[in-house]
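Trainee: Sequence first, predicted model second:
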Amino acid sequence: MNLVPLCELATGEEAVVVAIGCEPAMRTRLNDLGLLEGSRIRCLFPSAFGDPRAYLVRGASLGIRNQDAAKIPLLIGVDEEGGTVV
């Protein structure tokens with residue numbers, strides 16, 4: 001299991017959100033859009049210039065800037081229940 005920031009998640013890679021360390025207004029907005037601690041997230045693709053990047057969360061596509069994604073730590077190699085994924 002590796003802990004990495006969301007901005008380092010490779011295209012097509014999936015992980016589980018550990019925390020949302022953004023400022024309160026951004027945290028509330030991301031929570032409202034379905035990005036919660038424990039959610040599974042997948043990087044879909046970067047924009048043409050690499051920022052923002054598109055992520056899939058609970059069936060919705062979200063665009064998140066790299067400066068905000070850097071404040072969202074993820075666990076790679078686990079499922080939503082905390083079990084190890086091989």
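Mentor: Received, thanks.

Trainee: what about the residue nearest to residue 56 when sequence neighbours are not counted, which helix or strand?
Mentor: Using Cβ to Cβ, 6 or more residues apart in numbering and skipping the chain neighbours, the partner closest in space to residue 56 is residue 42 (4.5 Å). To be clear about C-beta, it is placed using only N, CA and C from the backbone, and glycine gets the same treatment. Using DSSP states H and E, residue 42 sits in strand 40-46.

Trainee: Let me see the mean pLDDT of that strand.
Mentor: Taken as a whole, strand 40-46 carries a mean pLDDT of 94.

Trainee: how close does the residue nearest to residue 56 sit to residue 16?
Mentor: Using Cβ to Cβ, to the nearest Å, residue 42 is found at 11 Å from residue 16.

Trainee: In CSV, list the C-alpha atoms belonging to the helix or strand where residue 28 lies.
Mentor: Following DSSP H and E, one finds residue 28 within helix 24-32. The C-alpha trace of helix 24-32 is given here as CSV (Å, rounded to 0.1, in the frame of the first residue of the first chain):
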residue,chain,number,x,y,z
PRO,A,24,-12.9,24.4,3.8
ALA,A,25,-14.8,25.8,0.8
MET,A,26,-13.1,23.5,-1.6
ARG,A,27,-13.5,20.5,0.7
THR,A,28,-17.3,21.2,1.0
ARG,A,29,-17.6,21.6,-2.8
LEU,A,30,-15.7,18.3,-3.4
ASN,A,31,-17.8,16.5,-0.8
ASP,A,32,-21.0,17.8,-2.5
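
Trainee: Now do that helix: distance to the chain's middle.
Mentor: 13 Å (Cα atoms, centre = their mean, to the nearest Å).

Trainee: And it, what's buried?
Mentor: By 16 or more other Cβ atoms under 10 Å, the buried positions in helix 24-32 come out as 26-27, 30.

Trainee: so which of these comes closest to residue 6?
Mentor: Nearest to residue 6 among the buried residues of helix 24-32 is residue 30, at 10.3 Å by Cβ to Cβ.

Trainee: what sits against the closest residue to the closest one other than its chain neighbours?
Mentor: Leaving aside its chain neighbours, residue 30 sits nearest to residue 20 (5.8 Å; criterion: Cβ to Cβ, 6+ apart). Residue 20 is in contact with 27, 30-31, 35-37, 71-72, counting by Cβ atoms under 8 Å, 6 or more residues apart in numbering.
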